[in-house]
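S.K.: here you go, sequence then predicted model.
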Amino acid sequence: MNKPDTTIMPGVKPRGRGALGNAVGRFEGATREAFEDGWEPPEERVLRTEVRLETPRSAISYNRSPDLPFDRSINPYRGCEHGCIYCFARPSHAFLNMSPGLDFETKLVARPGIGAVLEQELRAKSYKVAVMALGTNTDPYQPIEAEYGVMREVLEVLRAFKHPVAITTKGSLIERDIDLLAEMAAQGLCRVGISVTTLDADLSRRMEPRAPAPKRRLAVITRLAQAGIPVRAMIAPMVPGLTDHELEPIMQATRDAGASAASYIALRLPREVSGLFQDWLAEHVPDRAAKVMGRVRELHGGLDYDPAFGKRMRGEGLWADLMARRFKVAVDRLGMSVKLPPLRCDLFTVPARAGDQLKLF
């Protein structure tokens, strides 16, 4: 587990945050320790969200992971204010010389201007269209999107190029963009996955402190579905010994809300996430901490996490097989799909720019 936090001022309470500590990143050559200098009044000691701006040099990130259904994605933000304690993306903050702990959810990076960069990349003669994934690392509809609107930038460019897009989010801010998403969905260019981890509002508040409550996410599913946007319910992650018993109720609730497909992913605890999550268990559910970690290790061959392709999302062994069977039975009973119809790539077109010479033939 992580060492006690030494990078936050004494007396500061990280209210409404997921992580309990802020240990320095694994690439740092020195540790830091905060100390009281007497200048800051105690009543002002609130851990606030900080946002810095990054001028993006590229927009599209490519991957070759064989167990992912996409090979390209866009990240409008680095870090995520939702503060989900289990987030597998937390270790990526270490590459920014920041902590995967509280820094990940309080020191964020916005990338305004990424729409213009994306447009240049899509105009390249070498570009070959395939589904663009959004929300694969950090949530594009986290709270700061209301101010910075970077996700809206990206969607406007993708719509102009008639480019297919698949979005994953917990954020209710997606409702703001229903005008764009519905238009694209009507052309077979858009689908959305809404992540629902638990229906227990109190557990969600502690585990995903700044994400919308479960009922609010169900309402988002309904609004999207009513607008004609295909919605997948993503039961992710399933936390063994804590939320896995909710698999069937979550699927029922999301189907009733309008989701037409479903998927699940078992809890993943790469690198620093394991220590952060174990600290959280000890603080919030100490009576179940040993059980949860015991089940996690059963899924991963005795380890906290096995990153092997084909195993990292599902695990293996008895509990993995049981989850898979329960999921299949629920999918069949509820009439939900595992796969949604493929998005269209044949509509992709490079729009003319002001000043371009018109084509004669």
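M.R.: Yes, it's here. Residues are numbered from 1 along each chain as shown.

S.K.: and the helices in the chain, which stretches?
M.R.: 102-106, 114-123, 145-148, 150-160, 178-186, 201-207, 214-226, 247-257, 272-284, 289-299, 318-334 (DSSP state H).

S.K.: can you redo the ones you listed as CSV with mean neighbour count?
M.R.: Bear in mind the C-beta positions are built from the backbone N, C-alpha and C, glycine included. What follows is the helices of the chain, written out as CSV (neighbours: other Cβ atoms under 10 Å):
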stretch, mean neighbour count
helix 102-106, 27
helix 114-123, 18
helix 145-148, 15
helix 150-160, 21
helix 178-186, 17
helix 201-207, 16
helix 214-226, 19
helix 247-257, 19
helix 272-284, 20
helix 289-299, 18
helix 318-334, 15
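
S.K.: which stretch among the ones you listed comes nearest residue 350?
M.R.: Closest approach to residue 350 among these is made by helix 114-123 (5.6 Å; Cβ to Cβ).

S.K.: picking that back up, columns mean pLDDT and distance to residue 88 on top of the helices of the chain, output as JSON lines?
M.R.: Putting these into JSON lines (pLDDT from 0 to 100; distance: least, Cβ to Cβ, whole Å) gives the following:
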{"stretch": "helix 102-106", "mean pLDDT": "92", "distance to residue 88": "11"}
{"stretch": "helix 114-123", "mean pLDDT": "97", "distance to residue 88": "23"}
{"stretch": "helix 145-148", "mean pLDDT": "96", "distance to residue 88": "21"}
{"stretch": "helix 150-160", "mean pLDDT": "97", "distance to residue 88": "20"}
{"stretch": "helix 178-186", "mean pLDDT": "98", "distance to residue 88": "25"}
{"stretch": "helix 201-207", "mean pLDDT": "96", "distance to residue 88": "14"}
{"stretch": "helix 214-226", "mean pLDDT": "98", "distance to residue 88": "19"}
{"stretch": "helix 247-257", "mean pLDDT": "97", "distance to residue 88": "19"}
{"stretch": "helix 272-284", "mean pLDDT": "93", "distance to residue 88": "6"}
{"stretch": "helix 289-299", "mean pLDDT": "94", "distance to residue 88": "13"}
{"stretch": "helix 318-334", "mean pLDDT": "94", "distance to residue 88": "17"}
